[in-house]
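Asker: Okay, here's the prediction I keep looking at, along with the sequence it came from:
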Amino acid sequence: MRIRLQTCDGHQREYYKGQIGEFRPIPCFRCGVCCIRRQPELKGQEVAAIAQGLGMELTPFNKAFIEEDPTHPDTYVFFNREPGCPFLAFQGDLATCTIYELRPSACRNWVPSLSRPECREGLAWRGGLAEDVATLSRLFATAEQAELFCRSIRDGGHA
């Protein structure tokens, strides 16, 4: 898989799947792919905290949003609904978590990186790679996010 990016200084760089295998954190594209493709594991105490934070009793919350993992005691996952996590929402084409302050540790610990297939898929979707080159203005809302992204991939590919 080839990814062509326009860098902060206006040059185009090509990256190949093998070149982006090294884990380097990047700013989130807010594409929502991780929330669509993954079901984070939750422990019982996290389930209770989220339910309480939403002002819900535990039993109705469980029936509405989670299922128990039959292979791991006291482990749960969110129901995977359309488009994915039941707490995923979109504002225009930007993904947002409706329980961001209450999100489980699996979500808190997720670090975006081009080494993750979800982030590469998000780059293709948010970056408009169907048009061949992803520009930073398509990917990020602020110059600071764009610069963080550039720093994270600098020297990681070949021009």
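Answerer: That came through, no problem. Numbers count the residues shown, from 1 in each chain.
Asker: which one is the residue nearest to the spatial centre of the chain nearest to, not counting chain neighbours?
Answerer: Taking Cα atoms, centre = their mean, the centroid of the chain lies closest to C34, which sits 4.1 Å from it. Distances taken as Cβ to Cβ, 6 or more residues apart in numbering put E118 closest to C34, at 4.4 Å, once the chain neighbours are dropped. C-betas here are computed from N, CA, C, even on glycine.
Asker: Look at that neighbour and report its pLDDT.
Answerer: Confidence at E118, expressed as pLDDT, is 91.
Asker: so it touches G32, yeah?
Answerer: No - applying Cβ atoms under 8 Å as the test, E118 and G32 come out as separate, 9.4 Å apart.
Asker: So for these two, which sits in the more crowded spot?
Answerer: With other Cβ atoms under 10 Å as the criterion, E118 and G32 differ in neighbour count, and G32 comes out ahead with 24 against 19.
Asker: My reading is that V77 lies in a strand. Confirm?
Answerer: Yes - assessed by DSSP: H, G, I helix; E, B strand; the rest coil, V77 belongs to a strand.
Asker: Can you tell me how far the residue nearest to C34 is from P73?
Answerer: 28 Å (Cβ to Cβ, to the nearest Å).
Asker: For A95, which three-state class applies?
Answerer: strand.
Asker: which non-adjacent residue is nearest it?
Answerer: G32 is the one closest to A95 (Cβ to Cβ, 6+ apart), at 3.0 Å.
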